[in-house]
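> okay, predicted coordinates and the sequence, questions at the end:
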Amino acid sequence: PDLVRHEAASLEKAAQADVLVPELVACDEGGAHCGVPAILMTRLPGRVELLPADLDDWLYKLPEAIAPQHALDAGEFPWRYAPYNDVSRLEPPVWSKYPELWEHAIKIVNAPWPEARECFIHRDYHPVNVLWQDGRVSGIVDWPNACRGPAGIDVAWCRRNLAEMHGVDVAERFLRACRSVIGSSFAHHPCWDLLVLIEHLPGPPSVFPPWIDFGMQGLTDEVVQKRVDEYLVSVMARV
């Protein structure tokens, strides 16, 4: 029931911005009408695109699509960002080649986080949740995790997924695209990337099944694990 309530509120909030999202039609929070808690929303056109013909254009349009949402004042939205795992109890993973870097990263996320404007964030922004039609973003879906928080978390979630799907270079190109799209006001602290990375712990990382469903071939758990380590190295180089 809380997920129904959360996503319904998120859709209503997201609709206040110039963001293409499903329209909330109805929700049955307790399952009185449907037998189970349920939510009804409109269908958006488009499809998931993970292997674009023009990678740079794709990378630029990802931040363009989410920027209007980040312009929203989070106000009194009831849900607030927090990591999914308990950062105070984390330990360096046994699967990584860089346990000392993970130890340093864990210390950083346990220290006070950077000051940042609190806005309305998707909380799970990555390419599988973006629909495309005729080379344009036609919608952003999957809103049950939206909350108040720093925009850097959405950037970091997308970066981590890009690093695992395509490699660290593509994650870095996405960051440059964000700077170009948003302008001089954009500042991305590596702490946000680390807060997203530590959610792999204790791990090990593995292939996200929808990547395969939507056409990514050749990905293995070993490849993803190696890319996560490489991405950690690149983030820690900016600390």
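Cool, the structure landed. Numbers count the residues shown, from 1 in each chain.
> hmm, residue 51 is touching residue 219, no?
No. Proximity of residue 51 to residue 219 does not meet the contact threshold set by CB atoms under 8 Å, at 11.8 Å. To be clear about C-beta, it is placed using only N, CA and C from the backbone, and glycine gets the same treatment.
> where does residue 102 land in three-state SS?
Classification of residue 102 by DSSP: H, G, I helix; E, B strand; the rest coil places it in helix.
> ok, and the closest non-adjacent residue to it?
Nearest non-adjacent residue to residue 102, counting by CB to CB, 6 or more residues apart in numbering: residue 92, 4.0 Å away.
> and that neighbour, what element?
Counting by DSSP states H and E, there is no helix or strand that carries residue 92.
> my read is that it contacts residue 103, right?
Yes. Residue 92 lies in contact with residue 103 (CB under 8 Å); the separation is 4.8 Å.
> more crowded one of those two?
Per other CB atoms under 10 Å, whichever of residue 92 and residue 103 has more neighbours is residue 92, with 17 against 12.
> residues touching the more buried one, list them.
Residues in contact with residue 92 (CB atoms under 8 Å, 6 or more residues apart in numbering) are 99, 100, 102, 103, 106.
> so residue 202, which state does it fall into?
Under three-state DSSP, the three-state class of residue 202 is coil.
> how far does stretch 18-29 sit from the chain's center?
Relative to its parent chain, stretch 18-29 has a centroid offset of 20 Å by CA atoms, centre = their mean, to the nearest Å.
> please enumerate the strands of the chain.
24-28, 38-41, 47-48, 119-121, 130-133, 136-140, 147-149 (DSSP state E).
> I'd like those strands as JSON lines, with mean pLDDT appended.
Formatted as JSON lines, the strands of the chain follow (pLDDT from 0 to 100):
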{"stretch": "strand 24-28", "mean pLDDT": "96"}
{"stretch": "strand 38-41", "mean pLDDT": "96"}
{"stretch": "strand 47-48", "mean pLDDT": "98"}
{"stretch": "strand 119-121", "mean pLDDT": "96"}
{"stretch": "strand 130-133", "mean pLDDT": "98"}
{"stretch": "strand 136-140", "mean pLDDT": "97"}
{"stretch": "strand 147-149", "mean pLDDT": "97"}
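> more neighbours, residue 51 and residue 219?
Using other CB under 10 Å as the criterion, residue 51 and residue 219 rank with residue 219 on top: 17 against 13.
> in contact with the more buried one: list those residues for me.
Residue 219 touches 165, 207, 211, 212, counting by CB under 8 Å, 6+ apart.
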